[in-house]
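Trainee: just a sequence and a predicted model for now, questions to come.
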Amino acid sequence: MRIAGETTARAHKTIQAANAAGATDEQLANARMLVREAQWYWDWVSAESSMGFHNPDKCMKSLGISIDRAHKAIEAALVATKGDYTLEPLPTEPFKPAAPAPAPAQ
């Protein structure tokens, strides 16, 4: 599940970088469709929360599809820009929520 999530996140970042480098919406349309599919399959497994306890084959197949679609999205973004962009690295630390906002003054 971690690999599917990281690969999907990298696809999102790649499309963002390709867009910033000047790729048009038309050039990125296929990459965006593929990353939506990758995200959907990852979300399905993540929302199910049991890592496939009731149907492990379906879980593994869904994660495999997610990884495949994310790789294809990355490739489509690379083709759109001929790889001419800078991709910032993914975070290595876990997400830390922001501190809660202070209570309004009364």
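Mentor: In hand now; what should we look at?
Trainee: residue 37 - how many residues pack around it?
Mentor: Look at residue 37: counted by other Cβ atoms under 10 Å, it has 18 neighbours. (Each C-beta comes from the backbone N, C-alpha and C, glycine too.)
Trainee: again, but for the one 5 residues further on
Mentor: If you count neighbours by other Cβ under 10 Å, residue 42 ends up with 24.
Trainee: and it, what does it touch?
Mentor: Residues in contact with residue 42 (Cβ atoms under 8 Å, 6 or more residues apart in numbering) are 1, 4-5, 8, 62-63, 66.
Trainee: out of those, which is most surrounded?
Mentor: Using other Cβ under 10 Å as the neighbour definition, the contacts of residue 42 reach their maximum at residue 66, which records 27 neighbours.
Trainee: wait, doesn't it sit right on residue 41?
Mentor: Yes. Using Cβ atoms under 8 Å as the test, residue 66 is close enough to residue 41 to be in contact (3.8 Å).
Trainee: any common contacting residues for these two?
Mentor: By the contact definition Cβ under 8 Å, 6+ apart, residue 66 and residue 41 are jointly contacted by residue 4.
Trainee: mean confidence for stretch 47-56?
Mentor: Taken as a whole, stretch 47-56 has a mean pLDDT of 75.
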